[in-house]
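[1] Predicted structure and sequence below. I'll ask about it afterward.
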Amino acid sequence: MSVYARGAAFRSVRWEPRIYPGTLSQASRVRHHVRTDLKGFPDDAVDSVELCCSELFANAVAYTASGHEGGEVVRRLCLHRPGTLRLQVTDSGWTPTRPAVPTDRTTHDWAEAEGQRGLLLIDSLAHRWGYFPVLAHPSLNLGLCVWADLPVDPDQVPRGLEPFIFTA
């Protein structure tokens with residue numbers, strides 16, 4: 001029986017946020033923490049979260065102030081609603097661009113592309129994804145939170161999860 005027992009009310013679960021220095025050398029640590037935090041979840045769900053998190057972490061480091069001296073990336077996880085695990089990756093801001101899957105590529109262009117495929121993967125794996133500013137302000141960019149809602153079979157969610165999980 002899972003945390004979604006028949007007839008029981010849904011209870012959200014949040015993991016303590018993890019904060020990483022904004023360097024690509026942290027990517028393996030980010031992936032390891034996803035696997036640690038989601039221990040007991042179905043392998044396919046963990047694989048999807050790990051891949052999406054790795055891509056969003058790399059984008060934050062490559063395209064925002066997170067990749068500069070003192071930059072950081074914050075990763076959050078929560079069971080957002082029954083059957084949905086929400087991943088959030090927040091950067092340090094100061095970029096004029098917003099995440100988007102390129103729409104002007106042909107099939108041949110995609111086959112030859114050596115980059116910018118991460119959001120296409122996320123778009124394929126997630127129920128939905130998007131972003132929001134850390135602080136809505138017309139002239140300041142203090143960070144962007146990119147989120148993805150990933151499927152997880154409610155019957156395979158580990159039993160006994162606390163509403164808030166510390167990630168020591």
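    Now that the structure is in, tell me what you want to look at.
[2] quick one: Glu50 and Val34 touch, right?
    Yes. Taking contacts as CB atoms under 8 Å, Glu50 lies within contact range of Val34: 4.6 Å. Bear in mind the C-beta positions are built from the backbone N, C-alpha and C, glycine included.
[3] Can you pick out the residue with more neighbours from those two?
    Neighbours per residue (other CB atoms under 10 Å) separate Glu50 from Val34, with Val34 holding more: 24 against 18.
[4] Select the longest helix from this protein.
    Secondary structure of the chain read by DSSP state H shows that its longest helix is helix 43-63.
[5] which residues are in contact with that helix?
    Helix 43-63 is contacted from outside by 20, 22-24, 26-27, 30-31, 34-35, 38, 66-67, 71, 73, 75, 77, 85, 87, 89-92, 95, 97, 99, 118-119, 121-122, 125-126, 146, 148, 150-153, 156, using CB atoms under 8 Å, 6 or more residues apart in numbering.
[6] buried sites along the host helix or strand of Leu121?
    Here Leu121 is covered by helix 118-125, with elements defined by DSSP states H and E. The neighbour-count check on helix 118-125 (16 or more other CB atoms under 10 Å) flags Gly118, Leu119, Ile122, Leu125 as buried.
[7] Could you check the pLDDT of the third one?
    Spelled out, it's Ile122. In the predicted model, Ile122 carries a pLDDT score of 94.
[8] Kindly report the same for the first one.
    Note for Gly118: predicted pLDDT of 81.
[9] can you tell me which residues contact the residue sitting nearest the centre point of the chain?
    If you average the C-alpha coordinates of the chain and look for the closest C-alpha using CA atoms, centre = their mean, you land on Leu87, 3.4 Å from that point. Applying CB under 8 Å, 6+ apart to Leu87 gives the contacts Val49, Cys52, Cys53, Leu56, Arg75, Arg76, Leu77, Trp147, Ala148, Leu150.
[10] can you check Tyr131 too?
    Tyr131 sits next to Arg98, Pro99, Leu144, Cys145, Val146, Trp147 when contact means CB under 8 Å, 6+ apart.
[11] who wins for neighbours among the residues you listed?
    Across the contacts of Tyr131, neighbour numbers were computed from other CB under 10 Å; Leu144 holds the maximum, 24 neighbours.
[12] For it, which residues count as its bridge partners?
    Going by DSSP bridges, Leu144 is paired in beta bridges with Pro133.
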